[in-house]
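Enquirer: Below are the sequence and a predicted model; questions follow.
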Amino acid sequence: MATKGMRTLFFHHHSKSPSSSIPSSPLHTRPSSPLHLSFSESMIDGTIATAESIISKWDTESSSYSKITSLFYENRHEAREFLQSVRDVQRSMHFYVNHNSRSQKLVHARTLMQTAMKLLEKEFYQILVINRDQLDPESVSGRSSTGKRSNLSDYEEDMGSEDEIQIAGKSIQEVERVASIAMEDLQAIAQCMISSGYGMECAKIYKIMRKSIVDEGIYRLGFQQMSSNHILKMDWEVLEHKIKNWVNVSKIAVKTLFYGERILCYYVFTNSNTIKESCFSEIAKDAATHLFAFPETVAKCKKSPEKMFRFLDLYDAISELWPYVDSIFSYELTSTIKTKAINSLIELSDGVRSMLAEFESSMQKDSSRSPISGGGLHPLTRYVMNYLCFLGDYKEALANILADYPLQVQHPMPEAMLQNSLTAENPLSSISSRLEWLILVLLRKLDGKAELYKDVGLLYLFLANNLQYVVSKVRGCDLRYILGADWISKHESKVRQYVANYERMAWSKVASALPQNPTYEMEPQKVKERFREFNSAFEAAYRSQSGWVVPDGKLRDEIKVSVAKKIVPVYRAFYEKYRVLLRGESGKFVRFAPEDLENYLSDLFHGNRISGSGSGSVSSLHPQGSM
């Protein structure tokens, strides 16, 4: 129990004097005549006698009955009478202090008050202990908005019959009823003790009990306090798991544990702002400080691009929780919790910006000099686009982080190449310009890598493949909202341009081997030369491209159809026109029927090297029997 001096200080802080809680009545306003004082004192004596009979019944030192039961559990009506008796004793003490401060009756009243306070301390403690489960923060927070909890839906998926659902519903209602009664009793006792000058004793019991529940709750959620040095020295794989766990724990801890605890604390000590703020601070401050120290420390870890997403997870979680944190820890005694949350956001933001810069730098420094076989996808393209697609999932967080840090282009690439304006009135403009820039850096890097190919047709196929992958990745994730439809359309046109350049460079010799007008009358010798030239050009084109690849199935089919349209119809007309003329010599000059060309073209772009099979080797074909 607190010292008398502390109790007096606390008592005077809230009530200034016992009289502050006593309503004005004729007892305190009549003239102080001897007759009146005698009459009033007679009334006070009767009040004390009545109060003493009730208080003594439940005195643990004089009543064996009170040792085996609880006042608030045994008889709630009598419990209310007990609280009224305490208020009556307090009024009586006030009377004697003002009119006869040396009276032994004042000493007796004070002794009676101390006895009552001991009992109320015991009752307060017992209610907290007995109703520990019913007063869990989740239950309290669930009742906060409506006054009731309606959790039947939580059971409906797991319950089989309507009877089982009804049983569950009744069980929930009973828990709520018991909890509501316990909260009302705690509030009534707290108000009585505070008004009697025993607020410190009441608060001390409450703090000890409820702090243990909060600390245990944090531990059971799976969060353990760790020193900064321990966190900073932890292997990233282990720390990454801790971060994922923290994200889940923090949401439950803030929205349920701390929120519910504040509601309960403020309900119990509703008439004393100082006590409820002090109690909640001591109950929650340690656990909340340790909880929010974690992301603040993680933000100080060594930065690298692969850690970006865990930093963003922490940033997202704290941003989501901030309205709750700002409300729950709104008083000066808990302001350090908000400070830690804000510092975490600042440190994480700095880390994300640093890692974005390092990510761009790593692209610029990529020095791989080996051309990709068949003009397929470059590993850098896959890595960058997968990375950026994941970043797109954090568009809101990145928009906030980059809002006050506009893109500073320091490379020899004009900002005019960026489609998304840096000054656009768009909440995502900061991230759209930044991600567009990173893709532009990638594409310019790929331009340099394309120069490693000696075959210009393969060079353009490489560019088409990689840009198609970029566009398809943008289309398939949230980048499509960030970069916009115009950006996608522009780069799809660029893909078509690369494809057209590929077709021109890879198939121009084949196309030029055929006459512009395949039905024009030609001399037999000229016809033979045309077939011979075409055979040679097609075999060379097919042989060189048999190992080329187009990973995107849609693009692959489009290229095949486009090439076939440029070659097969002209060849078919020429073939039909002169196959009769060369009937006896067809084996020397005509190596392909029109259907053969279509079959060979359909085999392209899968990366299959010439194997000598009928569909893979043009040199092994025999003259057409149909000639």
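Expert: Great, that's in hand.
Enquirer: Please count neighbours and contacts with C-alpha atoms only from this point.
Expert: Fine.
Enquirer: Model confidence for Val580, exactly?
Expert: We have a pLDDT of 72 for Val580.
Enquirer: Ok, Phe39 next?
Expert: The model reports Phe39 with a pLDDT of 43.
Enquirer: neighbours of Pro406, just the number please.
Expert: 14 (other C-alpha atoms under 10 Å).
Enquirer: Tell me the secondary structure of it, please.
Expert: With DSSP: H, G, I helix; E, B strand; the rest coil as the basis, Pro406 sits in coil.
Enquirer: Next one: it from Ser354, what distance?
Expert: Separation of Pro406 from Ser354 (C-alpha to C-alpha, to the nearest Å): 14 Å.
Enquirer: what does Glu523 give?
Expert: In terms of C-alpha to C-alpha, Glu523 sits 73 Å off from Ser354.
Enquirer: Who has more neighbours out of the two?
Expert: Ranked by neighbour count (other C-alpha under 10 Å), Glu523 and Ser354 place Ser354 first, with 15 against 7.
Enquirer: Assess the claim that that one and Lys302 are in contact.
Expert: No. At 10.6 Å, Ser354 does not count as touching Lys302 under the criterion of C-alpha atoms under 8 Å.
Enquirer: now the helices for the stretch 51-200 of the chain?
Expert: In the stretch 51-200 of the chain, the helices defined using DSSP state H, counting those that start in this stretch lie at 64-67, 71-74, 76-99, 104-130, 137-143, 152-156, 162-195, 199-221.
Enquirer: Present the ones you listed as CSV; the columns should include distance to Asp455, mean neighbour count and mean pLDDT.
Expert: Converted to CSV, those look like this (distance: least, C-alpha to C-alpha, whole Å; neighbours: other C-alpha atoms under 10 Å; pLDDT from 0 to 100):
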stretch, distance to Asp455, mean neighbour count, mean pLDDT
helix 64-67, 98, 13, 52
helix 71-74, 92, 16, 76
helix 76-99, 95, 19, 78
helix 104-130, 82, 18, 85
helix 137-143, 68, 21, 62
helix 152-156, 65, 13, 39
helix 162-195, 73, 18, 72
helix 199-221, 61, 18, 93
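Enquirer: now for those helices, which one comes closest to Arg475?
Expert: Of all those, helix 152-156 sits nearest to Arg475, with 37.7 Å by C-alpha to C-alpha.
Enquirer: measure the nearest residue to Gly547 once chain neighbours are set aside to Ala450 for me?
Expert: Nearest residue to Gly547 in three dimensions, chain neighbours excluded: Gly607, at 4.1 Å (C-alpha to C-alpha, 6 or more residues apart in numbering). Gly607 sits at a distance of 18 Å from Ala450 (criterion: C-alpha to C-alpha).
Enquirer: More neighbours: which of these two?
Expert: Per other C-alpha under 10 Å, whichever of Gly607 and Ala450 has more neighbours is Ala450, with 21 against 18.
Enquirer: so where is the stretch 501-627 of the chain shaky, pLDDT-wise?
Expert: 582-587, 608-627 (pLDDT under 70).
Enquirer: what comes up buried for stretch 220-234?
Expert: Phe223, Ser228, Ile231, Leu232 (16 or more other C-alpha atoms under 10 Å).
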